[in-house]
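Let me see the structure of the following:
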Amino acid sequence: MKHSAMAGLFISAALLASPVFAADKDLCDAQVQKLEDAITTAPAVSENSMDNAKTALADAKKAQASGNDKDCIEVSGQMLEKIQQRSPTKK
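All right, here's what the predicted structure looks like:
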């Protein structure tokens, strides 16, 4: 009886945790897309700024490909924040 109760708890925990991982993946995908859009529609910015954005995009995609959604979100989010600070009218 104890074993089936423990198994039930582990299964319940796994089912409750799975939407969190899906949300991370969705956020990673959305932020990578936003970063790609920001790069392609960027107004005249310095070459250094554009290189930094492209490097961040490559790093985010690398993390995304390896299944590391946390790093993907962190890298893309930081760059999107920098872009937002430089151009506060763009979202």
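
Beyond the lowest-mean-pLDDT helix or strand in the chain, next helix or strand please.
One helix or strand of the chain scores below all others by mean pLDDT, DSSP states H and E: helix 2-40, with a mean of 67. Downstream of helix 2-40, the next assigned helix or strand under DSSP states H and E is helix 47-65.

Against which helices or strands is that following helix packed?
On a contact count with 3 or more CB pairs under 8 Å, 6 or more residues apart in numbering; DSSP states H and E, helix 47-65 meets helix 2-40, helix 69-86. Quick note: C-beta positions are derived from backbone N, CA and C, even for glycine.

relative orientation of that helix and helix 69-86 in degrees?
Counting by axes from the mean of the first three to the mean of the last three CA atoms, to 10 degrees, helix 47-65 points 160 degrees away from the direction of helix 69-86.

Not counting its own residues, what contacts helix 47-65?
28-29, 31-32, 35-36, 38-39, 42, 69-72, 75-76, 78-79, 82-83, 86 (CB atoms under 8 Å, 6 or more residues apart in numbering).

Just the buried residues out of those, in PyMOL syntax.
Of these, the buried ones go into a single PyMOL selection, burial set by 16 or more other CB atoms under 10 Å:
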select buried, resi 28+31+32+35+36+38+39+69+71+72+75+76+79+83
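
Need the phi and psi values for residue 43.
phi -70, psi -180 (degrees, to the nearest 10).

which ones are touching it?
Taking CB under 8 Å, 6+ apart, we find residue 43 in contact with residue 87.

Recalculate using a threshold of 6 Å.
Contacts for residue 43 (CB atoms under 6 Å, 6 or more residues apart in numbering) come out as none.

residues near residue 58, how many?
Residue crowding around residue 58 was assessed by other CB atoms under 10 Å; the count is 11.

Distance check, it against residue 44.
Distance of residue 58 to residue 44, given as CB to CB, to the nearest Å: 22 Å.

Same question for residue 72.
Distance from residue 72 to residue 44, by CB to CB: 28 Å.

And residue 67, by the same measure?
Remark: distance between residue 67 and residue 44 (CB to CB) = 36 Å.

neighbour count winner among the two?
Under the criterion of other CB under 10 Å, the comparison of residue 67 against residue 44 puts residue 67 first, with 11 against 5.
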